[in-house]
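J.: With the sequence up front, the predicted model follows.
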Amino acid sequence: MTIHSKRGHFLSVVLIFLMKTFENCSGFAPGTLLPNTRPASPVQLKEGTRLAQLAGSRRSFVLRSSSGRGDATDAHVAWVRSQLEQQPEEVKVYHHHEVVAIAAACWNEASRRLERGEGVSVLSFPEAEGEILRKVAETMMLLTEGKLEGLSTRDRVDWKVQALKKGETWLLVIDCKSPRVSSDASLLELAASSLAVLRCQRWVERVIIGMRVCPFTQSVSVAATGLSKVVLSSLSLLTVVGPQVGIAPGPIGYPVCHADHVVHVLSALWNTISDMLSKDPTELSTVLLLTPCFSQDDFPRYAAASRVISNALLSLKAEKNISLVFFHPFYEREAVFPVNDPTHGHLPPENMLRSMLLNFYEIEDVMNFEDNLHQNDFSRRSPMPMINLLRTEQVELAEQLTSGAKVYCANAKRMAQADRTALLRGLASDMAAPQLSQDKDRPF
């Protein structure tokens, strides 16, 4: 056996050991790696999916001749081609009409197009509303040069994306001039996926639970604790008690995406949203999408990319179903645009937070810790970049028990009064891994 084959055998053994060790995690399989070549329609990440099975998997839900509608589909494809001046490599037809399914198909194809590099991709949606495709195209065009201030050159894409109506059919045309940007994960990254989950769960235990950042999380494996019985009420001159509603606790998912480009991350995000909404909250309550390779050491880049990610969700009004919360090892609210106004997925700006605090605490109390309000950033500093996907219905129910403003203020006070050295050491412990930087200006 050669040295290289011995090394490959050893890595395979390590990978299998990690999967066996952590296979009892709830939600997604521990360290579930989102497929490198993503399906065109919403991917269903099955319980117990193994890393080795996902690696390099190529699944497609595009209508083919074997679908029973092949003749009609082939004729439609031929018609689409006849409507285009520039011939694409392939025309894909989707009979989706729901927003999430359409968005997932579009961003999956954008990710695949970037994987292949220069070329033209065309998606046909005979049953979709044109406004959905126009909004998707507008968000994709934010990644072109000069469209979004602060966007890193690493996340810019040289492409032209259009939503075109041909007859009664809407098309999404992606004309890409950029060189290929791979999202392939190495064997070592596959093996590290489970370790990423462990590091994240250690942080959830220490910060989210231990420092009571989220009052409805009391376990690294179960979310929405305390939302099973909520009494809705309305206030007027008299308090009117309404019906009792609730959501049972459910598993927390920890899928891992190793991509280092916002397009690939958005593909993983929409696939995860699709999977999450396809399941009952008792099967999958919430998700922490781990992106350990995406802008790990560059928060300004991450902050700019988060605007694109939020726009992808908000422009389609998908926040009615899903809310996003952004975390990063070097999270800094003052580096998030707009600095002095609220924005989806991020902490309230400091000027707004000061006003909010006076609704819950005496001014003398606030004056004792307001100089350290910047330490509130530690409530969003995690061992790696990640996006928390929350069901909006759960957020609204939680508001019936305690207002979001009250939770934000309690966290801000708790962080401001905490010892900064202890906060830095805790984060360093969560981030501990051989590949981390030893820059003297960093907390590790």
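T.: Sure, I can see it.

J.: Give me the three-state assignment for Trp170.
T.: Under DSSP: H, G, I helix; E, B strand; the rest coil, Trp170 falls in the strand class.

J.: what's around it, how many residues?
T.: Residues within reach of Trp170, counting by other Cβ atoms under 10 Å, total 22. All C-beta spots, glycine's among them, are computed from the backbone N, C-alpha and C.

J.: Now do the contacts for it.
T.: Residues near Trp170 by Cβ atoms under 8 Å, 6 or more residues apart in numbering: 124-126, 128-130, 133, 163-164.

J.: Just the buried subset of those, please.
T.: Among the contacts of Trp170, those classed as buried by 16 or more other Cβ atoms under 10 Å are 124-126, 128, 133, 163-164.

J.: Reformat the contacts of Trp170 as CSV; add distance to Asp419, pLDDT and secondary structure.
T.: CSV is the format used below for the contacts of Trp170 (distance: Cβ to Cβ, whole Å; pLDDT from 0 to 100; DSSP: H, G, I helix; E, B strand; the rest coil):
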residue, distance to Asp419, pLDDT, secondary structure
Ser124, 59, 96, strand
Phe125, 55, 96, strand
Pro126, 61, 94, coil
Ala128, 54, 95, coil
Glu129, 54, 94, coil
Gly130, 55, 96, helix
Leu133, 52, 97, helix
Ala163, 53, 97, strand
Leu164, 58, 96, strand
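
J.: can I get those residues in JSON lines with distance to Val99?
T.: As requested, the contacts of Trp170 are exported to JSON lines (distance: Cβ to Cβ, whole Å):
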{"residue": "Ser124", "distance to Val99": "17"}
{"residue": "Phe125", "distance to Val99": "12"}
{"residue": "Pro126", "distance to Val99": "16"}
{"residue": "Ala128", "distance to Val99": "9"}
{"residue": "Glu129", "distance to Val99": "9"}
{"residue": "Gly130", "distance to Val99": "13"}
{"residue": "Leu133", "distance to Val99": "11"}
{"residue": "Ala163", "distance to Val99": "14"}
{"residue": "Leu164", "distance to Val99": "19"}
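
J.: Could you point out which of these is nearest to Leu324?
T.: The closest of the contacts of Trp170 to Leu324 turns out to be Leu133 (Cβ to Cβ; 21.8 Å).

J.: Leaving out the residues flanking it, which one is nearest to the closest one?
T.: Nearest residue to Leu133, sequence neighbours excluded (Cβ to Cβ, 6 or more residues apart in numbering): Ala163, at 3.8 Å.

J.: All the strands of this structure, residue numbers only.
T.: All strands of the chain, identified by DSSP state E, fall at 90-93, 119-125, 159-166, 169-176, 222-223, 230-235, 239-245, 250-253, 286-290, 322-327, 386-391.

J.: Of the ones you listed, give the one that comes closest to Cys200.
T.: For Cys200, the closest of these is strand 286-290, at 5.8 Å, according to Cβ to Cβ.

J.: where do the helices sit along this protein?
T.: Under the criterion DSSP state H, the chain contains helices at 3-22, 51-54, 70-82, 99-116, 130-141, 187-203, 262-277, 299-314, 350-357, 363-369, 392-401, 404-417, 420-431.

J.: what's the most buried one of those helices?
T.: Stretch with highest mean neighbour count among the helices of the chain: helix 262-277 (a mean of 26; mean count of other Cβ atoms under 10 Å).

J.: where in the stretch 101-250 of the chain is pLDDT low?
T.: Residue ranges of the stretch 101-250 of the chain with pLDDT under 70: 185-192, 227-246.

J.: one step back: quick check: the residue nearest to Leu133 vs Ile174, distance?
T.: 11 Å (Cβ to Cβ, to the nearest Å).

J.: cool, Asn271 as well?
T.: Between Asn271 and Ile174 the computed distance is 18 Å (Cβ to Cβ).

J.: Equivalent analysis for Gln375, please.
T.: For Gln375, the distance to Ile174 (Cβ to Cβ) stands at 43 Å.

J.: Between those two, tell me which one has more neighbours.
T.: When neighbours are counted by other Cβ under 10 Å, Ile174 comes out ahead of the other of Gln375 and Ile174, with 23 against 19.

J.: In contact with the residue nearest to that one when sequence neighbours are not counted, which residues are there?
T.: Spatial nearest neighbour of Ile174, chain neighbours left out: Ser121 (4.4 Å); criterion: Cβ to Cβ, 6+ apart. When contacts are counted by Cβ under 8 Å, 6+ apart, Ser121 is found next to 88-90, 92, 109-110, 112-113, 173-174, 176.

J.: which one among these gets closest to Leu313?
T.: Checking the contacts of Ser121 against Leu313 by Cβ to Cβ gives Ala110 as the nearest, at 15.4 Å.
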